[in-house]
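Novice: structure for the following, please:
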Amino acid sequence: MVAIDQFISKQELAHQKILWELMITVRDAIPHVEERFSWSIPYFYYLKKPLCYLNVTKNGLVYMGINNTVPLAEVYAQLTGEGKVIRQLHFPNLQSIDIGVIKAILFEVCDIIEEKLRS
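Specialist: Here you go, the predicted model:
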């Protein structure tokens, strides 16, 4: 998607590498994910429901906001935040990306979305 590519290309080179790695991880984990450029950031939807988004803070920290993760925060200590629905994973550098943890969280969130759609 052009808007997402432009968003990433406007970031500092170190942030671009992190953002691309995260985008590839989401695409690999959830093959049917829908990519949108919503609220001026890259957003990913699963079964038409918000799954996660990528952003860079004003202080230059890359993070992934993940919807429906409040119940998972006790299981995954890496999830931070205090919102009603979204928790975040922060990535100060490329080496801080744990693809296994990200995929595990995304799989669980997809299960939560599917469960909500069934009920």
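
Novice: mind checking the longest strand of this protein?
Specialist: Assignment by DSSP state E gives strand 49-56 as the longest strand of the chain.

Novice: mind listing the helices for the protein?
Specialist: With helices called from DSSP state H, the chain shows them at 2-9, 13-29, 99-118.

Novice: which regions of the protein sit below the pLDDT cut-off?
Specialist: Where the chain drops to pLDDT under 70, the residues are 1.

Novice: 50 instead?
Specialist: The chain contains no residues with pLDDT under 50.

Novice: show residues contacting stretch 12-26.
Specialist: Applying C-beta atoms under 8 Å, 6 or more residues apart in numbering, the contact partners of stretch 12-26 are 4, 8-9, 11, 33, 42, 44, 51-52, 54, 56, 60, 62, 64, 91, 93-94, 97, 99, 102-103, 106. In this view, the C-beta of every residue, glycine as well, is placed from N, C-alpha and C.

Novice: give me that answer again for 6 Å
Specialist: Residues from elsewhere that reach stretch 12-26 (C-beta atoms under 6 Å, 6 or more residues apart in numbering): 8, 33, 44, 54, 56, 62, 64, 91, 94, 97, 99, 102.
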